[in-house]
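A.B. asks: the following block contains a protein sequence and its predicted model.
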Amino acid sequence: MIDVQLYIDKSSDDNQEYARVDLFEDESMTLISSIQDIKDFSKIFADYSRTFKIPANDRNNKLFKHFYNPDVKGFNGATKKLAKIHLNYMPFREGYIYLQSTEMKNNKAASYTIIFYGGLIKLREALKEEKLTALVSNLDSDLERLTYNSATVKEGLTNGLFGGDIIYPLITSEKRLYHDSSSASPNYDGNIYHDSSSPDSTRGVAYTDLKPAIKVTKLIEAIESKYTLSFTGFFDTTPLDNLYLWLSREGGEIINYGTSGEISNSKSITGLTASSAPTDSNLTIVDDTWTFTQDPWASDSFDVIRYESEFNITISAGSYDNVVLKAIDEITGSVVSEISASGGNQTITLPSNVNYQNANVKNAEPRTYRIRWEVESFGGSITFTSGLTLRKKVAFETLVEDTYNAFNALGSTTLPEQDLVNHLPDIKAIDFLSGLFRVFNLTAYVQEPLASVPVIEVRTLDDYYADAVNNQSKGTIDIVDFVDVESHEIEVARPFANVSFEYKKTDTALMAAHEATHNKVFGNTIYSAPDEYDSGVDYKVEVPFSHLKYERLFDIGEAATSENSNLTYIQWGYAAGGSFKHEDSTTEKSTPTGNYSPQKIEPLLFYGINQTITDGNGINWISDSVDEITTYWRPSNSNEEGTSTTPPANSLNFDTEFDEWQLKVYRESDSDLIVADNSLFGKYYINYISGAYNESKRIFRYKCFLPAKILVRYKLNDQIKIHDRLFRINSIKTNLKTGATEIELLNLIPTLDNII
């Protein structure tokens, strides 16, 4: 038998103080662990969680503060507590404990049911259902709100903003771009040729054609900041250095987002100053936000305390079509309340019946709000004064109301700005993060001992297994002495007939043209087992992102004197498709268009490359005044340019596709298999997936009794040795008290697998 010790952090501050929990002598404590399951290898954040009972004795009742008695307060079962399990007083696992329930017998507490979670619960629990927009307030303050005018967008297109954290890539959502130096009729407005001798202000790239993009690592940093955790490993490596997320929530140009079809002018109200210091300890007013906590445990009724706000503006100057007042919760990124109005100078009030109580309770946990106020005008800029009243209402026998006038007659003017929260794609933060894990086949685990700021190690699966040499075991553990070698099961390791790797379907013009021509979706791939191994079951690894095929432009006005001699240094992306719209010069537009219909696409990842145009064929810029753009941010599926013989080091294509910049498929000229396959599948999946389909690969199932000295040493990336054969752990299920273990192993093949 193994002596199991369970300890729970009983401290209420950062100074951890653990107390030992009494366990039932005969209670089975089983733990199942798996880092990557060959039967479900797209599962993200694999970790363990187990439920077990402990006695409701004096020690445990004191620790859990008689949770079963609602009249005794002090232990919130819905909040996690740091915990650790020792085997024979040797550290085994660290994680978090939740108190689930109390079993009563004869009106007395008999046992508590608790759940022990691995460290990754911190990440899953933190992100919950929150959208990516909830991260905005945790970005660098400069990134939260961007000035939206010709000069700023031009700078973002040519050099980038804030050191390249924000760029404006050459991706259009409506205008179809091409390059025609002959200016032959019809000369559509998407012709970006710049004629220095006779500049044309009616065709080319305007600032309203472009949308911004944010560096993915900035969103990772915001996740770390918001949820008090730290990532280390893959997110700090080259494949993410110039990876961007396009800020496009809707189809079409930004100018069309507003209710009146105009670019919005916005102003966040700053400089809040309370007329008197709040007497409510749950309420703080700092600069431009009002922060308070709705705590259901602070009173006997959820309806006792209610918070309200009343925000108003009085417009004194300016012209506009529509004005919108918003109260925004910076923690979730959601709009708590808003009101719109049209007309002339007037006073507009965001009503006082905004009741923050309604959404305060989830799983009986305290709910914190951080509210800021925003004014947005469409059709022009306005000058206004504003006022804000904050109220806390406490209802017992009579209504008690505390009122705080945060400011009154504070003058402001709306400016042409973009609030990042309005442009981040509509995707949950956990889905965004999981999507990155699926793109690069990443795995994660929390470093132990658990720190107050948990450190999450992120690695590619291949790197994770290779890192086993740094384990206490040096990478290999021999368990032959503890295994029942007389009785075990062996089965084929091939679980599926086909495994497909897919982006979300993207109905844009270039993607549709590629599929029609090649009968294949650009960027996707399928790994198929040989026909004789066909099990008839397919498996799909789908990421929550769109994918675009980009186009490097030829100068169609210049006759090619040799192959690709009229190729320009301009590559663009197009987020439009469907119907083709041809408008000639007889319409209301002075310059005809040849555009497709704008498409709302799923969140788009791309590599941004700051490209210099060296052939004299610059981009015609037509906002404010005509100018020639000779440096721009080029959207790409590759992280670098590559050469005619050497492919870029990293690609966002799952398959080895046509390289839009070099205009070639590297593998087609690779008769000697010298050129590396740097596709996502080739770099991050091929070893694991192709290994699973090797005719010699098997799943071995053993039963064994592992002693505490083995249980406290093994890691899921350790190689397991039984006689003269080496294995990799697929899953392991252990009764911690007896050491009885069911272990599922994959045999390692010397000619295929990386053996330590």
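C.D. replies: Everything's here; your move.
A.B. asks: report the secondary structure state of the most centrally placed residue in the chain.
C.D. replies: By C-alpha atoms, centre = their mean, the chain has its centre lying nearest to residue 432, at 2.7 Å. The assignment at residue 432 comes out as helix when based on DSSP: H, G, I helix; E, B strand; the rest coil.
A.B. asks: isn't it right up against residue 219?
C.D. replies: Yes: the pair residue 432 / residue 219 is scored as a contact, 7.2 Å apart, by C-beta atoms under 8 Å. The way it works is simple: take the backbone N, C-alpha and C, and place the C-beta from them, glycine included.
A.B. asks: list residues touching both of the two?
C.D. replies: With contacts defined as C-beta atoms under 8 Å, 6 or more residues apart in numbering, the residues shared by residue 432 and residue 219 are residue 132.
A.B. asks: may I have whichever strand or helix holds residue 745 exported as PDB, CA atoms only?
C.D. replies: Applying DSSP states H and E as the criterion places residue 745 in strand 740-747. Extracted as PDB, the C-alpha positions of strand 740-747 are listed here (Å, rounded to 0.1, in the frame of the first residue of the first chain):
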ATOM      1  CA  ALA A 740      -2.500  -0.600  -9.400                       C
ATOM      2  CA  THR A 741      -2.000   0.900 -12.800                       C
ATOM      3  CA  GLU A 742      -3.500   0.400 -16.300                       C
ATOM      4  CA  ILE A 743      -1.000   1.900 -18.800                       C
ATOM      5  CA  GLU A 744      -1.600   2.300 -22.500                       C
ATOM      6  CA  LEU A 745       1.600   2.500 -24.600                       C
ATOM      7  CA  LEU A 746       2.700   3.100 -28.200                       C
ATOM      8  CA  ASN A 747       5.800   1.100 -29.300                       C
END
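A.B. asks: check what pLDDT residue 269 gets.
C.D. replies: At residue 269, the pLDDT value in this model is 66.
A.B. asks: ignore what I typed, I meant residue 731.
C.D. replies: Value for residue 731, per-residue pLDDT: 89.
A.B. asks: what's the distance between it and residue 593?
C.D. replies: Residue 731 is 58 Å from residue 593, where distance means C-beta to C-beta, to the nearest Å.
A.B. asks: where does the spatially closest residue to residue 441 that is not a sequence neighbour sit: helix, strand or coil?
C.D. replies: Nearest-residue entry for residue 441: residue 684, 3.8 Å, with adjacent residues in sequence omitted and distances by C-beta to C-beta, 6 or more residues apart in numbering. Three-state assignment for residue 684 (three-state DSSP): helix.
A.B. asks: from here on, count from 58
C.D. replies: Renumbered: residue one is now 58, and that last one reads residue 741.
A.B. asks: what's the neighbour count on residue 741?
C.D. replies: 21 (other C-beta atoms under 10 Å).
A.B. asks: swap in the one 10 residues further on?
C.D. replies: The burial count assigned to residue 751 is 15, neighbours taken as other C-beta under 10 Å.
A.B. asks: quick one: it from residue 650, how far?
C.D. replies: Note on residue 751: its distance to residue 650, by C-beta to C-beta, is 55 Å.
A.B. asks: likewise residue 620?
C.D. replies: Distance, residue 620 to residue 650, by C-beta to C-beta: 31 Å.
A.B. asks: between those two, tell me which one has more neighbours.
C.D. replies: Using other C-beta under 10 Å as the criterion, residue 620 and residue 650 rank with residue 650 on top: 18 against 8.
A.B. asks: helices of the stretch 58-207 of the chain, start to end?
C.D. replies: Counting by DSSP state H, counting those that start in this stretch, the segments of the stretch 58-207 of the chain that form helices are 115-120, 178-184, 198-201, 207-215.
A.B. asks: what's next to the third one, contact-wise?
C.D. replies: Think helix 198-201. By C-beta under 8 Å, 6+ apart, helix 198-201 touches 193, 194, 219, 222, 223, 271, 275, 476, 477, 478.
A.B. asks: ok, of these, which come out buried?
C.D. replies: Buried members of those, counted by 16 or more other C-beta atoms under 10 Å: 193, 194, 222, 223, 271, 275, 476, 477, 478.
A.B. asks: please report phi then psi for the fourth one.
C.D. replies: In this entry, residue 223 is assigned phi and psi values of phi -120, psi 130 (degrees, to the nearest 10).
A.B. asks: isn't it right next to residue 271, touching?
C.D. replies: Yes: using C-beta under 8 Å as the test, residue 223 is close enough to residue 271 to be in contact (5.8 Å).
A.B. asks: tally of neighbours for residue 738?
C.D. replies: Around residue 738 there are 23 residues (other C-beta under 10 Å).
A.B. asks: please report phi then psi for it.
C.D. replies: According to degrees, to the nearest 10, residue 738 has phi -70, psi -40.
A.B. asks: measure it to residue 385 for me?
C.D. replies: In terms of C-beta to C-beta, residue 738 sits 41 Å off from residue 385.
A.B. asks: what's the answer for residue 140, then?
C.D. replies: 37 Å.
A.B. asks: between these two, which is the more surrounded one?
C.D. replies: Comparing residue 140 with residue 385 by other C-beta under 10 Å, the one with more neighbours is residue 385, at 24 against 21.
A.B. asks: isn't the residue nearest to residue 498 up against residue 518?
C.D. replies: Yes: in terms of C-beta under 8 Å, residue 741 counts as a neighbour of residue 518; the distance is 7.2 Å.
A.B. asks: joint contacts of those two?
C.D. replies: Joint contacts of residue 741 and residue 518 (C-beta under 8 Å, 6+ apart) are residue 498.
A.B. asks: show the pLDDT at residue 372.
C.D. replies: For residue 372, the predicted pLDDT is 89.
A.B. asks: A strand includes it, no?
C.D. replies: Yes: under three-state DSSP, residue 372 sits within a strand.
A.B. asks: just grab the bridge partners of it for me.
C.D. replies: Beta-bridge partners of residue 372, counted by DSSP bridges, are residue 441.
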